[in-house]
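Dropping the sequence and predicted coords here.
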Amino acid sequence: MVLFRRSLGDILRSRRTELGLTLREVSGSARVSLGYISEIERGQKEASSELLSSLCDALEMPLSDVLREVAHHVAVEEAALMAMAPTPIAPRRAGEVVASAA
């Protein structure tokens, strides 16, 4: 199953580390508790739109860019899951005869 919150957390953590910021620094700038940001980054909590906006401001990243990246990651994961899924076999209709290789 593809989880939006997991992809979101990965992208936020990646941006934070790219900027060389600690959780404490982002927490102070976004005015969000350090523990809550940590849970969001680990995909354990959902971020409200207001909280996500604060985090994006602290990470100097437009919300639209974050959402676009998350959508891309989710699409890639969905495609991978679909590629691994077995092809369903259509049920036979009443009276249908299946040809034999013999």
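Good, I have the coordinates. Numbers count the residues shown, from 1 in each chain.

buried ones in stretch 11-18?
11-13, 15-16 (16 or more other Cβ atoms under 10 Å). All C-beta atoms are positioned from the backbone trio N, CA, C, and that covers glycine.

Also stretch 49-65?
Counting neighbours by 16+ other Cβ under 10 Å, stretch 49-65 gives 51-52, 54-56, 58-59, 61 as buried.

Could you work out the end-to-end span of it for me?
With Cα to Cα, to the nearest Å as the measure, stretch 49-65 spans 14 Å from end to end.

what pLDDT, on average, does that stretch get?
Averaging pLDDT along stretch 49-65 gives 97.

Now Pro27: which helix or strand?
Careful, residue 27 is Ser and not Pro. Here Ser27, judged by DSSP states H and E, is contained in helix 23-30.

quick one: contacts for Arg15?
The contact partners of Arg15, taken as Cβ atoms under 8 Å, 6 or more residues apart in numbering, are 59, 61, 66.

Neighbours of Lys70, how many?
One correction, residue 70 is Val, not Lys. 19 (other Cβ atoms under 10 Å).

just checking, it touches Ser7?
Yes. Between Val70 and Ser7 there is a contact at 4.8 Å, judged by Cβ atoms under 8 Å.

ok, back up a step: ok, then the element right after the helix holding Ser27?
helix 34-41.

Verify the stated contact: Ser53 with Met61.
No. Ser53 is beyond contact range of Met61, at 10.8 Å (criterion: Cβ under 8 Å).
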